[in-house]
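Novice: I'll drop the sequence and a predicted model, then ask my questions.
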Amino acid sequence: MESVVDLDAMAVRAARGGGALELELGEVLARLFEGNRLMDLGYSQQTDYLRERLGIAARTGLGWASLARGLATRLHLGSPARAVTATVAGLGVAARRTRPSGLGGHRDGAEARGVGGSRP
């Protein structure tokens, strides 16, 4: 397990690296936000850490962390995300449309038919 200081350093480096590192930053943030790790750095809120320490919008950082957690549960999306240049928005759409095996879909199958969602 990484130390909170190591995770913080990784997050700062990734935040300063620009758009190519959004997914990596999301993965680091997702791990950093587990438990009370931010308290060890003197932050009581995820949003304060994102704005004050990393200088990124809180909603953006929380979205990247959420995307990383979503991709982690859908293992088959993790490798393609790194093998090709993909946008964070595109990966988010893919993560929402895929489910880990065994979880099934909506009761009425609306998502599978594309009803009420964005076009494929």
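Specialist: Ah, there it is.
Novice: neighbours around residue 1, how many?
Specialist: Neighbours of residue 1 under the rule other Cβ atoms under 10 Å: 7. Heads up, the C-betas are built off the backbone N, CA and C, glycines and all.
Novice: distance check, it against residue 27.
Specialist: 14 Å (Cβ to Cβ, to the nearest Å).
Novice: what's the answer for residue 36, then?
Specialist: Distance, residue 36 to residue 27, using Cβ to Cβ: 19 Å.
Novice: who has more neighbours out of these two?
Specialist: Using other Cβ under 10 Å, the more surrounded residue of residue 36 and residue 27 is residue 27, with 22 against 9.
Novice: can you give me the helices for this protein?
Specialist: 4-16, 22-32, 37-40, 46-48, 58-73, 75-83, 88-97, 110-113 (DSSP state H).
Novice: any low-confidence regions in this structure?
Specialist: Applying pLDDT under 70 to the chain flags residues 17-20, 75-120.
Novice: and with 80 instead?
Specialist: Scanning the chain for pLDDT under 80 picks out the ranges 1-2, 13-21, 72-120.
Novice: contacts only, for residue 37.
Specialist: Residue 37 sits next to 4, 7, 31 when contact means Cβ atoms under 8 Å, 6 or more residues apart in numbering.
Novice: are any of these buried, and which?
Specialist: Those of the contacts of residue 37 that meet the buried threshold are 4, 7, 31, by 16 or more other Cβ atoms under 10 Å.
Novice: how about those in JSON lines, adding distance to residue 74?
Specialist: Listed next are the buried ones among the contacts of residue 37 as JSON lines, based on distance: Cβ to Cβ, whole Å:
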{"residue": "4", "distance to residue 74": "27"}
{"residue": "7", "distance to residue 74": "23"}
{"residue": "31", "distance to residue 74": "17"}
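Novice: from these, which is closest to residue 73?
Specialist: Nearest to residue 73 among the buried ones among the contacts of residue 37 is residue 31, at 14.4 Å by Cβ to Cβ.
Novice: out of everything not next to it in sequence, what's closest to the closest one?
Specialist: residue 7 (5.9 Å; Cβ to Cβ, 6 or more residues apart in numbering).
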